[in-house]
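Asker: build me a structure from this.
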Amino acid sequence: MTALVHTRAELQPFLDGFANGKRGVVMTMGALHEGHLELFKQARHDCDLVVATIFVNPLQFGPNEDFDRYPRTLDDDLKLCAEAGVDVVYAPAVEEVYPGGQPIVKVTPGPMGETLEGAFRPGFFTGVLTIVNKLLNLTDPDKAFFGQKDAQQLALVRRMVLDLNMPVEIIGVPTVRDEDGLAKSSRNRYLSSEERATALTLSRALFAGQEKATEGADAVRDAANAVLERTTATGELTVDYLALVDPRDFSEVPPAFTGQAVLAVAARAGTTRLIDNLPLTLTPHGAR
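Answerer: From the prediction side, this is the model:
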């Protein structure tokens, strides 16, 4: 039986009951899908207590973004949490999370948060890191689970935990995809059937780039861009960025780079903005 609580005071007895066990948290904005279920599955495997948070964070939405229309499906989300073995859902009100109103003190990401998503969504990662910090304080977990689909977010959360000496282990969970390759996302429900077909270009571009990982960074970029250009030429897809980056700081890798990298893309299919990425290994003999 999954419990629903709205305040830290209501959550505290659950935390106290597992003071000597492993406590895990999965932070969500609701509109749950199979990607979230994979996070819950990993948390259930690793932890004695699994807490899911459901909170649509106003601080990470910029002007003209989709805060007001972001799907809110609490009843359906609770059913999925119960099926996944989540022990307690913490769904606080804005006033619970931001008791002083608009926060004066925030967590800023620095240069690492000013590229890619940070460049196209100014202030986004300040909102993300601030709410993650708050929810870690409120839920007091031993482990927190995040999807690798939001690779830049995951890297920044890990850096925040390291830099601020926070006593929590951050676990990355691989991206969950539909059979045709589309990465699971709460925003996929905005897509028409035609837009969804267009959105498949993102994953196809990433997989095309991944196939060239033994030929060097430039070959990876060229292969992925070639796939994107076939769709952008028709006007069906608007690309914000395609980038091959070092996962340690999300800087673009040079042509001779070898080792672990992330190929990331963001684009709009219709009015819906989607992101995706693939980790890959650039091998030494492929550098050029």
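
Asker: could you pull out the helices for the stretch 51-200 of the chain?
Answerer: Using DSSP state H, counting those that start in this stretch, the helices of the stretch 51-200 of the chain run over 74-83, 94-97, 117-120, 124-139, 151-163, 193-210.

Asker: for the second one, name the packing helices and strands.
Answerer: Using 3 or more Cβ pairs under 8 Å, 6 or more residues apart in numbering; DSSP states H and E as the contact criterion, the secondary-structure elements in contact with helix 94-97 are helix 124-139. C-betas here are computed from N, CA, C, even on glycine.

Asker: just the buried positions in the helix it packs on, please.
Answerer: 124-136, 138-139 (16 or more other Cβ atoms under 10 Å).

Asker: do stretch 218-233 as well
Answerer: In stretch 218-233, counting by 16+ other Cβ under 10 Å, buried: 218, 219, 220, 221, 223, 224, 225, 227, 228, 231.

Asker: does residue 81 touch residue 32 like I think?
Answerer: Yes. Using Cβ atoms under 8 Å, residue 81 is in contact with residue 32, at 7.4 Å.

Asker: hmm, back to that, from the buried residues of helix 124-139, which is closest to residue 160?
Answerer: Minimum separation from residue 160 among the buried residues of helix 124-139 (Cβ to Cβ) is found for residue 129, which lies at 5.4 Å.

Asker: not counting sequence-adjacent ones, nearest residue to the closest one?
Answerer: Sequence neighbours aside, residue 107 is the residue nearest to residue 129 in space, at 3.9 Å (criterion: Cβ to Cβ, 6 or more residues apart in numbering).

Asker: I'd assumed residue 135 was in contact with that neighbour.
Answerer: No. In this structure, residue 107 is not within contact of residue 135 by Cβ under 8 Å, at 11.9 Å.

Asker: related to what we said a few turns ago, in helices, which of the buried residues of stretch 218-233 fall?
Answerer: 218, 219, 220, 221, 223, 224, 225, 227, 228, 231 (DSSP state H).

Asker: and the last one, how far from residue 201?
Answerer: Plainly put, residue 231 is 4 Å away from residue 201 if you go by Cβ to Cβ, to the nearest Å.

Asker: which neighbours do these two have in common?
Answerer: residue 237 (Cβ atoms under 8 Å, 6 or more residues apart in numbering).

Asker: for residue 71, which non-adjacent residue is spatially closest?
Answerer: Sequence neighbours aside, residue 31 is the residue nearest to residue 71 in space, at 4.0 Å (criterion: Cβ to Cβ, 6+ apart).
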